[in-house]
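> model this:
(chains A, B, C and D)
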Protein chains: 2
Amino acid sequence: MTLVITMSTPQPELTESEWAIIKAVWEHQPCAAPSVQEALVASRGWTYSTVRTLMDRMVAKGLLTAEKIRHLTLYRAAVSRRQAQLGELRYALRHAFDGALKPMVETLLTAETLSAADLDELEALIVARRKSQAGRPARKANP
Amino acid sequence: MTLVITMSTPQPELTESEWAIIKAVWEHQPCAAPSVQEALVASRGWTYSTVRTLMDRMVAKGLLTAEKIRHLTLYRAAVSRRQAQLGELRYALRHAFDGALKPMVETLLTAETLSAADLDELEALIVARRKSQAGRPARKANP
DNA sequence: ATTCAATATCTACACGTGTAGAGATGTCAA
DNA sequence: TTGACATCTCTACACGTGTAGATATTGAAT
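Prediction:
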């Protein structure tokens, strides 16, 4: 239930446009294309055709599912927000950090956009993590 | 010298192919296209033409620089490894986490691929970070 | 000078992505 | 049953990316 970077569920990388669409779908699903278009026209200026094309291509890719009820097509996300997040993370990890997680986290921590409270929470997380791993076999530092 | 996620230096996102090329360039620069091709033919199977096209397009994009000495073209990276790393991270941060750094770090920490030693180092980093921020004005948790 | 090997240039093509118009079709109200 | 409106389908196009062949040019060795 934990795990993550190496599981078998799909962890796709999304384009900017796909992110916009799938976020709207996550928020409104199940939903029809016109709703998504309305939700996005302000920020992206997309017409119905554009949104529809994008969505259908995403169905073809397995990012969304489409269910046709009479003449209305209902869309749902086929990947969870978490899966999509992991996909993006995995991409950065693989290419920018050659798979080494620690340097990646280091870089993020050094980004100095974290408040003292954030730092506290993250430290707590590390402590918790260490605890839960206490009994386990050791593993290589930078796989 | 700290900073990062919000600086003005270019932080491009790279495609998989571009990552392969620029890594080779970082390692061999200044270097000619044939060297890069040799370095990559094993892993990617690319011909000289392919590598050359990719590299010239990267020059056009500002990822590499090319200097022509007589009939030989010498390439160099125009962005540092760090900049490229930040570009990738920024992309994930913006789209997958809506700019909220803490959830992103949390996700990474929960990835359970970190050894006890890694966790120690990261905690030390957090402690250091907190110290260096002690006197500063508070800032929003999730910008 | 002639040729060989290295390097470079040009051109091309298929596929993905962003973008959307035009026209078809289904639905509901009068 | 006839519109008016909502929704869908089809088709298209430009631009980016991955991939590379064919051809030219150059520098060096003979």
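
> thought A:T65 was touching A:T73?
No - contact criterion CB atoms under 8 Å: A:T65 and A:T73 do not qualify, at 10.3 Å. In this view, the C-beta of every residue, glycine as well, is placed from N, C-alpha and C.

> compare the two and say which is more crowded by neighbours.
Of the pair A:T65 and A:T73, A:T73 is the one with more neighbours under other CB atoms under 10 Å in any protein chain shown, namely 18 against 15.

> what sits against the more buried one?
Contact partners of A:T73, counting by CB atoms under 8 Å, 6 or more residues apart in numbering or on different chains, are A:32-33, A:66-67.

> these, buried ones only, as a PyMOL selection?
In PyMOL syntax, the buried subset of the contacts of A:T73 is picked out as below (16 or more other CB atoms under 10 Å in any protein chain shown):
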select buried, chain A and resi 32+33+66
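
> between which two of the contacts of A:T73 is the distance greatest?
A:A33 and A:E67 (12.5 Å; CB to CB).

> need the residues touching each of the two.
Both A:A33 and A:E67 are contacted by A:73, A:75, under the criterion CB under 8 Å, 6+ apart.

> which parts of chain A belong to which domain?
Listed by automatic domain parsing, the domain ranges of chain A are A:16-77, A:100-135.

> got the ones you listed as JSON lines, with mean pLDDT columns?
Listed next are the domains of chain A as JSON lines, based on pLDDT from 0 to 100:
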{"stretch": "domain A:16-77", "mean pLDDT": "97"}
{"stretch": "domain A:100-135", "mean pLDDT": "85"}
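
> and B:R57, which of the ones you listed is closest to it?
That would be domain A:16-77 among the domains of chain A, by CB to CB, at 19.9 Å.

> gap between the two ends of that closest one?
End-to-end span of domain A:16-77 (CA to CA, to the nearest Å): 16 Å.

> close to DNA strand C, is that domain?
Yes - counting by CB under 7 Å from any atom of the strand, DNA strand C is contacted by domain A:16-77 at A:16-18, A:44-47, A:49-50, A:53-54, A:57, A:61, A:70-71.

> distance between that domain and the chain's centre?
17 Å (CA atoms, centre = their mean, to the nearest Å).

> centroid-wise, who is the farthest residue in chain A?
In chain A, the residue that sits farthest from the middle, by CA atoms, centre = their mean, is A:R70; the gap is 31.6 Å.

> how much space between that one and A:S43?
According to CB to CB, to the nearest Å, A:R70 and A:S43 sit 30 Å apart.

> same check on A:Q11?
Distance, A:Q11 to A:S43, by CB to CB: 26 Å.

> then A:M55?
Here the criterion is CB to CB. By it, A:M55 lies 16 Å from A:S43.

> show me which of those two is the more surrounded one.
The neighbour count for A:M55 versus A:S43, taken as other CB under 10 Å, is higher for A:M55 (25 against 9).

> confirm that one sits in a helix?
Yes - counting by DSSP: H, G, I helix; E, B strand; the rest coil, A:M55 is found in a helix.

> my read is that A:A92 contacts B:G87, right?
No - judged on CB under 8 Å, A:A92 makes no contact with B:G87 at a distance of 9.1 Å.

> who's more crowded, those two?
The residue with more neighbours, out of A:A92 and B:G87, is A:A92; 25 against 18, by other CB under 10 Å.
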